[in-house]
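In: Sequence below, structure please.
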Amino acid sequence: MEFHIADIETSGLSPELGSFVTAIGFLNNSGVRINTSTASLYRANFAEAERQTLRAFAPMRFEPDDVLVTFNGISFVVPFLQKRFAAMLPGLSFSMPTKHIDLMYFAKEMNGGIRISKDMAASKFGNVYVPHNSNGAYLAEIYSTHIVSDVDHMLTQLHLAQDLFVTAQLFEKWKTFPRFRKSCVDNFGIDLETLNG
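Out: This is a model prediction of the structure:
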């Protein structure tokens with residue numbers, strides 16, 4: 001059994017309105033893996049660049065008892081990937097762990113039922129340092145204009161790596177909270193004590 005921290009970077013919030021995947025990131029026992037194409041290909045042919053990014057992710061395989069850990073993965077990360085795979089690589093299937101813990105649910109619960117961003121949750125309920133070297137909204141806008149510099153592309157990868165580490169730190173810290181462990185059972189049917197035992 002392994003926990004896989006996952007996140008994506010995109011050119012916007014809606015795959016139905018033309019937003020596309022610019023990078024896919026995973027953090028697990030093997031380290032950090034970020035799949036993306038080159039900035040020059042995003043400039044020349046963003047559709048082919050996205051296809052390459054998705055194609056690089058497709059071979060990832062997971063064990064039946066592996067657990068996906070995200071922040072806003074249930075309503076954004078996983079559906080976005082599913083829609084982009086269907087649009088760009090309809091004959092190619094990809095898999096994700098069937099067990100999924102979305103930290104946003106617990107952050108919202110801790111925040112009195114009000115939705116909260118990952119960065120706010122990290123500082124307010126996790127005492128986790130959040131680096132601010134890049135702005136995800138700015139980077140999404142750069143890709144949506146299809147004018148991507150090499151530096152912007154590197155910043156996207158850096159931003160994604162930082163997001164993965166913040167999510168991982170929140171998960172590690174919150175795993176020690178009885179309230180979080182109960183939330184995992186109530187919301188996702190996952191008993192962390194059984195998995196770790």
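In: Could you list every helix and strand that the helix or strand where residue 167 lies packs against?
Out: Assigned by DSSP states H and E, residue 167 belongs to helix 150-174. In terms of contacts (3 or more Cβ pairs under 8 Å, 6 or more residues apart in numbering; DSSP states H and E), helix 150-174 is packed against strand 3-10, strand 21-28, strand 31-35, helix 39-44, strand 67-70, helix 103-110, helix 118-125, helix 136-144. Where C-beta positions appear, they are placed from N, C-alpha and C, glycine not excepted.
In: what angle separates it from strand 31-35?
Out: Helix 150-174 and strand 31-35 are oriented at 140 degrees to each other (axes from the mean of the first three to the mean of the last three Cα atoms, to 10 degrees).
In: could you give the mean pLDDT of helix 150-174?
Out: The average pLDDT for helix 150-174 rounds to 88.
In: same question, stretch 53-67
Out: 89.
In: Which positions within it qualify as buried?
Out: Residues of stretch 53-67 classed as buried: 53, 54, 55, 57, 60, 62, 66, 67 (neighbour count, 16 or more other Cβ atoms under 10 Å).
In: start to end distance for it?
Out: 22 Å (Cα to Cα, to the nearest Å).
In: quick one: residue 6 from residue 34, how far?
Out: Look at residue 6 and residue 34: by Cβ to Cβ, to the nearest Å, they are 11 Å apart.
In: Looking at those two, which is more packed in?
Out: Higher neighbour count among residue 6 and residue 34: residue 6, with 26 against 19, using other Cβ atoms under 10 Å.
In: ok, residue 191 touching residue 185?
Out: Yes - using Cβ atoms under 8 Å, residue 191 makes contact with residue 185 at a distance of 5.5 Å.
In: So residue 73 sits against residue 102, correct?
Out: Yes - counting by Cβ under 8 Å, residue 73 does reach residue 102; the two are 5.0 Å apart.
In: still on that earlier bit, overlap in contacts, residue 6 and residue 34.
Out: 24, 25 (Cβ atoms under 8 Å, 6 or more residues apart in numbering).
In: Scan the helices and strands of this protein for the one with the lowest mean pLDDT.
Out: Sorting the helices and strands of the chain by mean pLDDT, DSSP states H and E puts helix 136-144 at the bottom, at a mean of 69.
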